[in-house]
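K.L.:
The following comprises the amino acid sequence and a computationally predicted model.
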Amino acid sequence: MFETVERSPFLDGMLLIASPMMEDARFGGSVIFMCTHSDEGAMGLVINKRANGVHIRDLASQLNITRKESAPEIPVLIGGPLEHTRGFVLHSSDHLMDKSSLQVGEDFAMTGHIGLLEATIQGRGPRKSLLALGRSGWDAGQLEGELRENAWLVCDATPELVFDTPRAQVWTAALAQLGVSASNLNGAVGRA
């Protein structure tokens, strides 16, 4: 007999991929890593929209953090339209801060504490990371409504897709993970 595995109705640790049905221009072509999702609402970070003209070396200088030259370059992204003056580090789960890090599944964590950003800039932080300025958020039931309206497609998040794929290719790579070609999409996704 087959064993049925129940999947949580919540999307923590998953990716939302903006579909052509997305009516909110701020999210067109976006891929969002879902950090939290519950009956009370949801929070995620856009992982494929670079913050134009913002580089980690400039932020390090503004925050008086000495950047180690051998430290990896950390992409600086626009995480969403909310709290855009606040930084969130989406990172591998190999470096957690006790009460400041939210572990999301086995492979990911999100930290909004400057201590983790400093450790990362100095080359002693997590193995993989992205810095998002701002976040995306939904009130209770709002995301579920957008999913019913076919605004988003959902796929599994993998470290390779989240951290290693060039930012400009994340949307098409996420679609490919679902077996969908961007060229085959049109404004009627999911309408039967």
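P.N.:
Yep, it's here.

K.L.:
for the protein, what helix or strand is lowest in average pLDDT?
P.N.:
Lowest on mean pLDDT, DSSP states H and E among the helices and strands of the chain sits helix 56-62, with a mean of 85.

K.L.:
Now that helix: buried residues?
P.N.:
56, 59-60 (16 or more other Cβ atoms under 10 Å). In short, each C-beta sits where N, CA and C put it, glycine included.

K.L.:
packing partners for that helix?
P.N.:
Using 3 or more Cβ pairs under 8 Å, 6 or more residues apart in numbering; DSSP states H and E, no helix or strand is in contact with helix 56-62.

K.L.:
Tell me which residue lies nearest the centroid of the chain.
P.N.:
Compute the mean C-alpha point of the chain, and by Cα atoms, centre = their mean the closest residue is F33, 2.9 Å away.

K.L.:
Secondary structure element holding that one?
P.N.:
For F33, the host element (DSSP states H and E) is strand 31-38.

K.L.:
avg pLDDT for the next helix or strand after that strand?
P.N.:
Counting by DSSP H and E, the element after strand 31-38 in chain order, helix or strand, is strand 41-46. For strand 41-46, mean pLDDT is 97.

K.L.:
Which residue ranges of this protein form strands?
P.N.:
14-18, 31-38, 41-46, 76-78, 82-92, 101-104, 108-111, 129-139, 152-156 (DSSP state E).
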